[in-house]
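> heads up, no residue letters with this:
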């Protein structure tokens, strides 16, 4: 058996732990393993396909990023190609990919990625590729699994930032507005905000009223707490408004959501008259060593993906359904994006402890 591994979409802490576990699990079964570089680009002549051995994956579990590299613009069904005039045209190169995989003797593929990569995997499976998915996203927005690896590390990165903002905010009597990733889901903002004792948390699932946000800040001011911490998910938006986007997206890339913290900070300053500072954590949340939880979850996913191949679970994704790792059909996971349940006990606890959601 010769299997291939691919990592696509945005990077996340824990990718290398998945690769290591899958490679070692496969080799110990007597299988051969190769890695497709930069998503599926290695099968389209845009990069290479490399052998993966025990030596290849030695000492990588604690490293961030991915030794196979990644891309969020490598969809083989609409692959962007630059023209002489500088414009881009998208081509369906999926048949070419399938043929190249056949020539290389690849019998099955483990595709590690978020909803975009899982959608590609599902379509390739429909064309006859034997494929198993591993859910990866710091945003935690993949349905069918309790959590994804990378999420815990991103939350801890945001939490560390909140802890540091508290000291400077209190020293200067400032309002600090911190923007975290998550696209259309507010999990990172919610979990880091509650754990970090934020005063206001704004998430896409609960459109905010800026006046309510300012009411919370001024109420704290009236009680002698002259600083406030506002944690904002990049996809947060006001009631009756829409998500803030940044510039033009590259061909094949999803729209770039974000930049909302500066706008919210300016509005808070105008309404309250307080000194406000805003910052965007951005890609800091994607980098660095994965937490112990993410390393363990990623390792479990990698081992489970190899077992899924052995069991012929084509078109399935490994998933955490506590306390077990199971497999679920990818098509079911793609039916809807997982978002924060506004009746969840984390939201209820946040409200009960005085955190405002701006509503």
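Looks like it arrived, so ask away. Owing to the predicted nature of the structure, the values given are computational and were not obtained by experimental measurement.

> Can you name the residues that contact the closest residue to residue 74 other than its chain neighbours?
Nearest in space to residue 74, with sequence neighbours left out and distances taken as CB to CB, 6 or more residues apart in numbering, is residue 39 at 3.5 Å. No exception for glycine: its C-beta is placed from N, CA and C like everyone else's. By CB atoms under 8 Å, 6 or more residues apart in numbering, the residues touching residue 39 are 6, 7, 8, 9, 70, 71, 74, 113, 117.

> from those, which is closest to residue 288?
Ranked by distance to residue 288 (CB to CB), those are led by residue 70 at 16.0 Å.

> can you give me the helices for the stretch 1-150 of the chain?
15-27, 94-103, 115-126 (DSSP state H, counting those that start in this stretch).

> any weak-confidence spans in the stretch 251-359 of the chain?
251-254 (pLDDT under 70).

> In the lengthiest helix in the chain, which residues are buried?
Secondary structure assigned by DSSP state H gives helix 151-172 as the longest helix of the chain. Within helix 151-172, the residues that qualify as buried are 151-159, 161-162, 165-166, 169, counting by 16 or more other CB atoms under 10 Å.

> Stretch 306-326 too?
306, 308, 309, 313, 314, 315, 316, 317, 318, 319, 320, 325.

> Can you give me the domain assignment for this structure?
Domain ranges of the chain: 2-149+290-322, 153-286+341-352, per automatic domain parsing.

> got these as CSV, with distance to residue 331 columns?
Output for these, formatted as CSV (distance: least, CB to CB, whole Å):
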stretch, distance to residue 331
domain 2-149+290-322, 6
domain 153-286+341-352, 20
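
> follow-up on the earlier one: of the helices of the stretch 1-150 of the chain, which stretch is the most buried?
A comparison of the helices of the stretch 1-150 of the chain by mean neighbour count, using mean count of other CB atoms under 10 Å, puts helix 15-27 on top with a mean of 25.

> list the helices and strands it packs on?
Contact here means 3 or more CB pairs under 8 Å, 6 or more residues apart in numbering; DSSP states H and E; on that basis helix 15-27 packs against strand 2-7, strand 32-36, strand 108-113, helix 292-310.

> what's the most buried one of those?
Most buried of the helices and strands packed on helix 15-27 by mean neighbour count (mean count of other CB under 10 Å) is strand 108-113; its value is a mean of 27.

> re the thing from before, tell me which of the helices of the stretch 1-150 of the chain sits nearest to residue 215.
Closest among the helices of the stretch 1-150 of the chain, using CB to CB: helix 115-126, at 36.3 Å.

> which secondary structure elements does the closest one contact?
Against helix 115-126 (3+ CB pairs under 8 Å, 6+ apart) you get helix 94-103, strand 108-113, strand 131-135, helix 330-333.

> rerun that using 6 Å as the cut-off
When contacts are defined as 3 or more CB pairs under 6 Å, 6 or more residues apart in numbering; DSSP states H and E, helix 115-126 sits against strand 131-135, helix 330-333.

> can you redo the ones you listed as TSV with mean neighbour count and distance to residue 91?
Formatted as TSV, the helices and strands packed on helix 115-126 follow (neighbours: other CB atoms under 10 Å; distance: least, CB to CB, whole Å):
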stretch	mean neighbour count	distance to residue 91
strand 131-135	30	21
helix 330-333	18	24
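
> Fine, thanks again, bye for now.
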